[in-house]
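Q: test case, fold it:
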Amino acid sequence: MDDYWPLLAALYPYMSDRALARVVSHFVGLDYELVLNDIFGVNRKELPSAAVDAVRARLVAAGLEEWNKAES
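A: Numbers count the residues shown, from 1 in each chain. Predicted coordinates:
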């Protein structure tokens, strides 16, 4: 779960709050409501940019940009 907050920050620009909460709660096994509450505060949380960048790089390697284009 070390990547939980960086994952929220990395995916935040691509998804609505509720969609992001639904997806992340499914994959990390937390209640939707808890994840949604965390999402509401993710922009106020001080996160190391290196951690967010590392998660973003793994998401890009897994096809984030292609997914984003398909959704647009």
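
Q: now do the helices in this structure.
A: Per DSSP state H, the chain has helices spanning 4-11, 17-28, 32-41, 49-61, 64-71. These are given in chain order.

Q: quick one, the longest one and helix 4-11 angle?
A: Interaxial angle, helix 49-61 versus helix 4-11 (axes from the mean of the first three to the mean of the last three C-alpha atoms, to 10 degrees): 60 degrees.

Q: hang on, the earlier thing: winner for burial among the helices of the chain?
A: Sort those by mean neighbour count, taking mean count of other C-beta atoms under 10 Å, and helix 4-11 sits at the top with a mean of 20. Where C-beta positions appear, they are placed from N, C-alpha and C, glycine not excepted.

Q: other residues contacting that helix?
A: Around helix 4-11, the neighbours that count as contacts under C-beta atoms under 8 Å, 6 or more residues apart in numbering are 20, 23-24, 28, 35, 38-39, 42-43, 45, 47-48, 51-52, 54-56, 59.

Q: convert the C-alpha atoms of that helix to CSV, please.
A: The C-alpha trace of helix 4-11 is given here as CSV (Å, rounded to 0.1, in the frame of the first residue of the first chain):
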residue,chain,number,x,y,z
TYR,A,4,-1.8,4.1,-2.6
TRP,A,5,-1.5,7.9,-2.3
PRO,A,6,0.8,8.3,-5.3
LEU,A,7,-1.6,6.1,-7.3
LEU,A,8,-4.5,8.4,-6.4
ALA,A,9,-2.5,11.5,-7.3
ALA,A,10,-1.3,9.9,-10.6
LEU,A,11,-4.8,8.9,-11.7
